[in-house]
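Student: Just to be clear, the model below is a prediction. Sequence and coordinates:
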Amino acid sequence: MNRTMLLEIKNRQSGEILATITFGSHNEMQFIGDYDFGFKDILTENLKRGIYEERELYDDKSRTFILYRSPASSQKDYYPLVVRRFLQREGYTVTERYPELENEIRLLLDQFPDNKERQIVLSELPQMTHLRQTTLLRELESFLN
């Protein structure tokens, strides 16, 4: 199932949410809801100039990892993740959000009694990684079936 990924970007010092962005089918960036206009200008300008993706490659000969930087292509499927890493390198706190996945989990959790454990899961849901959310969804589905 194809799910929408949102990137929630915060100022690392103040914790202020600067923007929530998503990417369309051709990786065009879209701002959702309220956002900081100054931040939008900075991000848009950086993306226009071009950003780099970084990968660590292992060199067998020297037995070390080498940091490899190359221009990021907005045509690649993983471009939103490159933007996320770029923002993190620039000092922002970036959280991936998957609203459809979160809603699926909430709907399944509605079938459980309202207790402390359920409340903890619901409160931690927005900060969970995609892998953790996906695992939780599968666990809930298998438990209920």
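Tutor: Okay, I see it.
Student: Report back the residue of the protein that's furthest from centre.
Tutor: The outermost residue of the chain, judged by C-alpha distance from the chain's mean C-alpha position using C-alpha atoms, centre = their mean, is Lys61 at 34.9 Å.
Student: quick one, helices of this structure?
Tutor: Assignment of helices within the chain using DSSP state H yields the ranges 37-49, 79-89, 99-109, 116-124, 130-144.
Student: ok, the most centrally placed residue in the chain - contacts?
Tutor: Taking C-alpha atoms, centre = their mean, the centroid of the chain lies closest to Glu96, which sits 2.1 Å from it. Listed by C-beta atoms under 8 Å, 6 or more residues apart in numbering, the contact set of Glu96 reads 5-7, 84, 129-130. In short, each C-beta sits where N, CA and C put it, glycine included.
Student: remind me which residues of this protein are low pLDDT?
Tutor: Low-confidence segments of the chain, defined by pLDDT under 70: 1-2.
Student: Got the domain ranges for it?
Tutor: Dividing the chain into domains by automatic domain parsing, as the record does, gives the ranges 6-97, 99-144.
Student: chain center to the last one, what's the gap?
Tutor: This means domain 99-144. Remark: domain 99-144 is offset 18 Å from the chain centroid, using C-alpha atoms, centre = their mean, to the nearest Å.
Student: just the first one next, same as before
Tutor: Domain 6-97 sits 9 Å away from the centroid of its parent chain (C-alpha atoms, centre = their mean).
Student: residues touching Thr44, list them.
Tutor: Neighbours of Thr44 in contact, by C-beta under 8 Å, 6+ apart: Met29.
Student: For the remainder of this discussion, apply numbering that starts at 26.
Tutor: Fine by me, first position is 26 from now on; the one you just mentioned is Thr69.
Student: That one and Met54: what is the separation?
Tutor: For Thr69, the distance to Met54 under the criterion C-beta to C-beta, to the nearest Å works out to 8 Å.
Student: Just list whatever residues bridge to Met54.
Tutor: When assigned by DSSP bridges, Met54 has beta-bridge partners Phe48.
Student: What of Glu78?
Tutor: Here Glu78 shows beta-bridge partners Ser95, assigned using DSSP bridges.
Student: okay but it is in contact with Arg110, surely?
Tutor: Yes: under the criterion of C-beta atoms under 8 Å, Glu78 lies in contact with Arg110, with a separation of 7.2 Å.
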